[in-house]
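Asks: how would this look folded up:
(one chain, ligands or ions: 1)
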Amino acid sequence: MKPFQFMWALIMYRPWLYVLNGFIWLVIHLFPIVPGLLTRELLHTLTGDANLTIGVWSLLLLLLGVACGRITFIFMGALTDVWHRFMMSGLIRKNLFAHVLAQPVKLEVGQMVIQFREDAAQAEDAISWTLDFVGRFLFAMCSLVLLLAIDVQLTLFVFVPLIVVVAIANMAMKRLGAHREKSKQASAAVVSTIGEMTAMSQAIQLARAESRMLARMDTLNKERRKTMVKDRALTQALEAVFANTVTIGTGLILLLSAGAMQSGAFKIGDFVLFVFYLGYVTEFTQFFGRFLAHYRQTSISFKRMAALFGEKQAQALVRHTPLPLKQLPVNEEEKVRVSSFEQLRVSGLTYQFPGSTLGVQDASLTIKKGSFTVITGRVGSGKTTLLRSLLGQLPKQAGEVCWSGQRVDDRAAFFGPPYSAYTPQVPTLFSASIKENILLGKSEDDVDLSRVIEEAVLTETIAQMPDGIETIIGTRGMKLSGGQVQRVAIARMLACEADVFVLDDVSSALDVQTEARLWENLANKRDRTYLVVSHRKDCLLRADHVIVMDEGSIVAQGTLAEVRQSCADVNVWLGEKK
Ligand SMILES: Nc1ncnc2c1ncn2[C@@H]1O[C@H](COP(=O)(O)OP(=O)(O)OP(=O)(O)O)[C@@H](O)[C@H]1O
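Replies: Here you go, the predicted structure:
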């Protein structure tokens, strides 16, 4: 897609707002024509050359009225412009974010922040500037017609700077775009590295790699400085050229008009009108140069954002999706239940990672209400992929998922509370307190905190912490051990009301006693349904349905007694000889 196609799609998102905003700004930009003509008439009245006979005071009052009118329009224009701009960048940011959530993209955090913030703002500016461009262009044309009527020779001098500015801008624009891109990439590299260094500070300390990391930051910063200086220097040089071309043009016109006034062919009122309009017309030449340069930068921004979606899906960046600004769509907890949970059935589920034969093939299984199902298998056998594909975190190439007999079409939207709650293999915690991480925005009154803490075997751990449950756990839980992170994540999952609890290898960092207590606590709640990935003995012993995976396929399933007949590995995990 070309940049103007993206812009057109954005404009068509709220076409009436664009038209309203356009009308208001057109009036604002055309308004100065009136005070120019009134001032001319005022001076003509004072020198006795007046065309109108309404008098000085009436003209002054009219000038005041026009000024008040323009202020009112500018106020309305500011409101519609802010609203319209926010709609445009809001839609882009929302679509970007939805895409990232639906299909995790490999993008550095720094780059992501820049795309969400700067590229979307660039697109918003580009659309708003089209209105300024039209308004300023029409003003320039109207005033040029009026100026030509006064003095053709003088007026032509207005065009000279315009042509020079456009020519210079066109030549410099290509280089400016390349430098802007490089400086943005260098900034993203610095932001990403700061983020990673903060998140991995312990690892850096343990590897005694502080000085090497600082040296790396130094190199990145130097690169950033170099690219930034080039970018800024070129931008400033371009702006200096614009400003000076205009100033020289203005000087020439003033010199010429002074000569014409001396010869008596030019009245003082005409001179004032000429100078008054000239400021606006020359401002348009500057704006035109900036507008072209900005359009080039906007093309880069659109290209970069569209690359996230891939060439064929680029349209999704500007897809007209709802932007619920006043009310959040539907709260997870307020979802209307499809039906009461009886069973979760998966048939023929297949997903292969792009460009690889790895993944899950033709997986079929049934999770019955109140069951404790364990998916087990060797490392890399496809357990996590099966769970993620089932929950809609990965797409599927074949198969279907049915919830109590009803097919689930949008798995990503469906799976979550109140249907399922999930603890991933590598849980992510926020840089907040333990309590905030468990509640995740829920009210304390709605969650039985002491129960979930006890079930997740966290009671003693929290009691030993300096501020108990209010202890801040550092960037992404940095101050917690691996086992503590896993249990806080389990507590967070248990704080949700859900039909099925899904746990992916959550006990890998737990000691034997803690793990035994955890599975006992969970299995004791027999009214709940669990789908668990594990090859730990304590977990397998509690399973009433075991699914064994190997090389992406389910190779056996049944009770523990049944699968251990056909799978020697299960006996090994149970601590018995093959
Ligand atoms: N993003 C990916 N791209 C390509 N291959 C992948 C990707 N993620 C996982 N795989 C491969 O797919 C296979 C299944 O991975 P998966 O994580 O599902 O295994 P697992 O049984 O959960 O392993 P573990 O017990 O170590 O968690 C592995 O061979 C893995 O290397």
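Asks: domains in this protein, as residue ranges please.
Replies: 3-318, 339-573 (automatic domain parsing).
Asks: by contact count, what packs against the one helix or strand Ala489 maps to?
Replies: If you go by DSSP states H and E, Ala489 is part of helix 482-494. Counting contacts by 3 or more CB pairs under 8 Å, 6 or more residues apart in numbering; DSSP states H and E, helix 482-494 is packed against strand 420-423, helix 434-439, helix 449-455, strand 500-504, helix 512-524. Any C-beta I mention is one placed from the backbone N, CA and C, and that applies to glycine too.
Asks: show me where pLDDT drops low in the stretch 251-400 of the chain?
Replies: 328-339 (pLDDT under 70).
Asks: And for the chain?
Replies: 103-109, 158-163, 165-167, 169-171, 173-174, 242-246, 248-250, 328-339, 475-477, 576-578.
Asks: so where do the strands sit in the stretch 251-400 of the chain?
Replies: 343-352, 359-368, 372-377, 398-403 (DSSP state E, counting those that start in this stretch).
Asks: For the second one, name the packing helices and strands.
Replies: This points to strand 359-368. By 3+ CB pairs under 8 Å, 6+ apart, strand 359-368 packs against strand 343-352, helix 383-390, strand 398-403, strand 529-533, strand 545-550, strand 553-558.
Asks: Sheet partners, orientation included, of the fourth one?
Replies: What it means is strand 529-533. strand 372-377 (parallel), strand 500-504 (parallel) (DSSP bridges).
Asks: what about the next helix or strand after it and the ligand, touching?
Replies: Using DSSP H and E, the helix or strand that follows strand 529-533 in sequence is helix 537-540. No: shown here: helix 537-540 not in contact with the ligand (CB under 6 Å from any ligand atom), separated by at least 13.3 Å.
Asks: What helices and strands are in contact with helix 537-540?
Replies: strand 372-377, helix 512-524, helix 568-573.
Asks: closest one to Asp125 among those?
Replies: Ranking the helices and strands packed on helix 537-540 by proximity to Asp125 (CB to CB) places strand 372-377 first, at 50.5 Å.
Asks: Go through the strands of the stretch 251-400 of the chain and pick out the most buried.
Replies: With neighbours taken as mean count of other CB atoms under 10 Å, those reach their highest mean count in strand 372-377, at a mean of 25.
Asks: Which residues does that strand contact?
Replies: 365, 367, 383, 386-387, 523, 529-535, 539-540, 542-550, 569-570, 573 (CB atoms under 8 Å, 6 or more residues apart in numbering).
Asks: With distance to Val452 as added columns, please give the strands paired with strand 529-533 in CSV.
Replies: Below are the strands paired with strand 529-533 laid out as CSV (distance: least, CB to CB, whole Å):
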stretch, distance to Val452
strand 372-377, 19
strand 500-504, 12
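Asks: Compare those strands and give me the one nearest Phe284.
Replies: Using CB to CB, the strands paired with strand 529-533 put strand 500-504 closest to Phe284, at 61.1 Å.
Asks: and the closest one, is it in reach of the ligand?
Replies: No: taking CB under 6 Å from any ligand atom as the criterion, strand 500-504 and the ligand are apart, separated by no less than 7.4 Å.
Asks: now that strand and strand 343-352, what's the angle there?
Replies: Here the directions of strand 500-504 and strand 343-352 differ by 40 degrees (axes from the mean of the first three to the mean of the last three CA atoms, to 10 degrees).
Asks: hmm, who's touching strand 500-504?
Replies: Contacts of strand 500-504 (CB under 8 Å, 6+ apart): 341, 344, 367, 383-384, 387, 391, 419-425, 490, 493-494, 522, 528-534.
Asks: now do 6 Å
Replies: 384, 387, 420-425, 529-533 (CB atoms under 6 Å, 6 or more residues apart in numbering).
Asks: got it, and stretch 180-194?
Replies: 108-111, 114, 220, 223-224, 227-228, 231, 297, 300.
Asks: May I see the helices and strands packed on helix 482-494 organised as CSV, with distance to Ala199 added?
Replies: Listed next are these as CSV, based on distance: least, CB to CB, whole Å:
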stretch, distance to Ala199
strand 420-423, 20
helix 434-439, 16
helix 449-455, 26
strand 500-504, 22
helix 512-524, 26
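Asks: In CSV, list these along with mean neighbour count.
Replies: Below are those laid out as CSV (neighbours: other CB atoms under 10 Å):
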stretch, mean neighbour count
strand 420-423, 22
helix 434-439, 22
helix 449-455, 17
strand 500-504, 23
helix 512-524, 17
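Asks: how about the nearest residue to Thr39, chain neighbours excluded?
Replies: The shortest distance from Thr39 to any non-neighbouring residue, by CB to CB, 6 or more residues apart in numbering, is to Val272 (5.7 Å).
Asks: Check the gap between that neighbour and the ligand for me.
Replies: Val272 sits 71 Å away from the ligand, going by CB to the nearest ligand atom, to the nearest Å.
Asks: Around the ligand, which positions in the stretch 301-450 of the chain sit nearby?
Replies: Counting by CB under 6 Å from any ligand atom, the stretch 301-450 of the chain sits next to the ligand at 353, 356, 358-359, 377, 379-385, 425.
Asks: now with 8 Å?
Replies: Taking CB under 8 Å from any ligand atom as the contact definition, the stretch 301-450 of the chain meets the ligand at 353-356, 358-360, 377-388, 425.
Asks: Give me the PyMOL select line for the residues you listed, limited to the buried ones.
Replies: To isolate the buried members of these in PyMOL, using 16 or more other CB atoms under 10 Å:
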select buried, resi 359+360+377+381+382+383+384+385+386+387+388
